[in-house]
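Student: sequence-free structure coming up:
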């Protein structure tokens, strides 16, 4: 199927042609025709599959273009709202709207925390009819009466599963309650994209989607076929030395490295820079400016490694990213899909490598079951280790000399304890937690 068979408008088709897109991806092929007809959908698709275009293109077509200048309270009324879990994803979607919609009169505004409301209010009043926002920031604008959702025709939840994982369910419900189900005779158009369909997602979908059509990409495609998925079994204490050797020996220049904590991300950056591998981190403790600077330097190939936590990495869009490395497996198995979806985009080849120690081997099996695929094992000379079924070895019975030492130690401990009781005039301070 070609994009032309989707029956998009001439000006949007010309924009798509100019961008070099010829064939829609699976999610685009299945979603766009339904969305053009105004159908509510619940779709599963991971990053890197053209998901953003799947909802942005029909949104641009379905919204009425308005040339007149808004005045008074009308300036705060938007017509489409897209909610996303992180500022990075908000910015990515906003940028795509500007690219795809350059021939339309629609105006988009990106709303996220970390910057003052003033500049965003100016953009809203400047004629924006599309808002892409995190849940917290749109609620802040609602509270300050600097945005009005009473004329919203289209509501889109992107990466809904992640928003729920981050505890945004109440925020989402509050926002949806502000949006009318009907404007005149026109029914609200509601759309939800999620990497997975757990019960809590289905419950949310049922509460605000109207007779939705479910689009579920084949399970095998959850871990994109363009990505070569590898696993290297390694002792936990040898992960950093192995990582450094792999990067240097293979002369890898652009790597997105995932870890689970901000502390671990900072440690990895320090160790990589010590090994003369230029690296920066993005995580929740970094300011918006620091995160954007690190991302820009990575895209410009001024640094070789971008170390990221899962939340901070949502929405990262890097063309032709060759390598993703899981320094450790994610806390949630579904995030494995999101991680490796950063590479192998737009039908380009990519490689995802997971460094797995013994305690992660059971989780590896769970992920393989989730993606319906076995990870291909590799090894490195000097770092050989095999996956094993962990077993607890029975302790040997202590020999006679061991028993004698143990008795002496107990007797000494009892003697010391009695001595403390006799002294006992001063109370010992309470133990303080190290954490």
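Tutor: Received it, and whenever you're ready, just let me know what you need. Just so we're clear, the structure is a prediction, and the values are computed from it rather than from any experiment.

Student: Contacts only, for residue 196.
Tutor: 44, 161, 334, 337 (Cβ atoms under 8 Å, 6 or more residues apart in numbering). Heads up, the C-betas are built off the backbone N, CA and C, glycines and all.

Student: Please name the nearest non-neighbouring residue to the first one.
Tutor: The spatial neighbour of residue 44 that comes closest, neighbours along the chain excluded (Cβ to Cβ, 6 or more residues apart in numbering), is residue 216 at 5.1 Å.

Student: Now do that neighbour: how many residues are near it, please.
Tutor: Neighbouring residues of residue 216 were enumerated by other Cβ atoms under 10 Å; the total is 13.

Student: sorry, back to before: now, which of the contacts of residue 196 lie within strands?
Tutor: Assigned to strands by DSSP state E, the following of these qualify: residue 44.

Student: could the contacts of residue 196 be laid out in JSON lines, adding pLDDT, neighbour count and distance to residue 368?
Tutor: Supplementary listing: these in JSON lines, determined by pLDDT from 0 to 100; neighbours: other Cβ atoms under 10 Å; distance: Cβ to Cβ, whole Å:
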{"residue": "44", "pLDDT": "84", "neighbour count": "23", "distance to residue 368": "19"}
{"residue": "161", "pLDDT": "87", "neighbour count": "24", "distance to residue 368": "20"}
{"residue": "334", "pLDDT": "81", "neighbour count": "19", "distance to residue 368": "14"}
{"residue": "337", "pLDDT": "82", "neighbour count": "22", "distance to residue 368": "12"}
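
Student: Turn the contacts of residue 196 into JSON lines, including distance to residue 145.
Tutor: JSON lines is the format used below for the contacts of residue 196 (distance: Cβ to Cβ, whole Å):
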{"residue": "44", "distance to residue 145": "36"}
{"residue": "161", "distance to residue 145": "31"}
{"residue": "334", "distance to residue 145": "37"}
{"residue": "337", "distance to residue 145": "39"}
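
Student: how about the residue nearest to residue 44, what does it touch?
Tutor: Shown in contact with residue 216 (Cβ under 8 Å, 6+ apart): 43, 44, 197.

Student: burial count for the last one?
Tutor: As a burial measure, residue 197 scores 17 neighbours (other Cβ under 10 Å).

Student: likewise residue 61?
Tutor: Neighbours of residue 61 under the rule other Cβ under 10 Å: 18.

Student: cool, and the one 5 residues further on?
Tutor: The local packing of residue 66 (other Cβ under 10 Å) involves 13 other residues.

Student: Numbering from 47 from now on, please.
Tutor: OK, 47 is where the count begins now, so the last one is residue 112.

Student: thinking it is in contact with residue 174, fair?
Tutor: No: taking contact to mean Cβ atoms under 8 Å, the distance of 11.5 Å between residue 112 and residue 174 leaves them out of contact.

Student: show me where the stretch 47-196 of the chain has strands.
Tutor: Ranges of strands within the stretch 47-196 of the chain are 87-90, 126-129, 154-157, 176-179, based on DSSP state E, counting those that start in this stretch.

Student: and the first one, what other elements does it pack with?
Tutor: Just to be clear, that refers to strand 87-90. Packed against strand 87-90 by the contact rule (3 or more Cβ pairs under 8 Å, 6 or more residues apart in numbering; DSSP states H and E) you find helix 72-82, strand 235-240, strand 259-262.

Student: Each with direction, which strands does that strand pair with?
Tutor: Applying DSSP bridges, strand 87-90 is found paired with strand 235-240 (parallel), strand 259-262 (parallel).

Student: Tell me which of these sits nearest to residue 387.
Tutor: strand 235-240 (12.7 Å; Cβ to Cβ).

Student: Would you mark the buried spots in the helix or strand that that closest one is followed by?
Tutor: Once strand 235-240 ends, the next helix or strand along the chain (criterion: DSSP states H and E) is helix 245-254. For helix 245-254, the neighbour count (16 or more other Cβ atoms under 10 Å) marks 247, 250, 251, 254 as buried.

Student: What of stretch 76-85?
Tutor: Applying a neighbour-count criterion of 16+ other Cβ under 10 Å, the buried positions in stretch 76-85 are 76, 77, 78, 80, 81, 82, 85.

Student: Next: stretch 375-394.
Tutor: The neighbour-count criterion (16+ other Cβ under 10 Å) identifies 375-376, 379-391 as the buried residues of stretch 375-394.

Student: what's the neighbour count on the residue lying closest to residue 81 once chain neighbours are set aside?
Tutor: With sequence-adjacent residues excluded and distances taken as Cβ to Cβ, 6+ apart, residue 81 is closest to residue 104, at 3.6 Å. Other residues lying near residue 104 total 26 when counted by other Cβ under 10 Å.

Student: cool, and residue 124?
Tutor: The criterion is other Cβ under 10 Å. On that basis, residue 124 has 25 neighbouring residues.

Student: That one is in contact with residue 193, isn't it?
Tutor: Yes: with contacts counted by Cβ under 8 Å, residue 124 reaches residue 193, the gap being 6.5 Å.

Student: Quick check: neighbours shared by those two?
Tutor: With Cβ under 8 Å, 6+ apart applied, the overlap between the contact sets of residue 124 and residue 193 consists of 170, 177.

Student: ok so residue 352 is a strand residue?
Tutor: Yes: counting by DSSP: H, G, I helix; E, B strand; the rest coil, residue 352 is found in a strand.

Student: Identify the residues contacting it.
Tutor: For residue 352, the contacting residues are 301, 302, 303, 325, 326, 327, 328, 340, 341, 344, taking Cβ under 8 Å, 6+ apart as the criterion.

Student: How about the contacts made by the first one?
Tutor: Listed by Cβ under 8 Å, 6+ apart, the contact set of residue 301 reads 293, 350, 351, 352, 368, 369, 370, 371.

Student: coming back round to it: need the buried residues of helix 245-254 in CSV with distance to residue 218, can you?
Tutor: What follows is the buried residues of helix 245-254, written out as CSV (distance: Cβ to Cβ, whole Å):
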residue, distance to residue 218
247, 11
250, 7
251, 11
254, 9
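
Student: so which of the residues you listed comes closest to residue 429?
Tutor: Comparing the buried residues of helix 245-254 against residue 429 with Cβ to Cβ places residue 247 closest, at 39.7 Å.

Student: Spatially nearest residue to the closest one (excluding sequence neighbours)?
Tutor: For residue 247, the nearest residue in space outside its immediate sequence neighbours is residue 240; the separation is 5.1 Å by Cβ to Cβ, 6+ apart.
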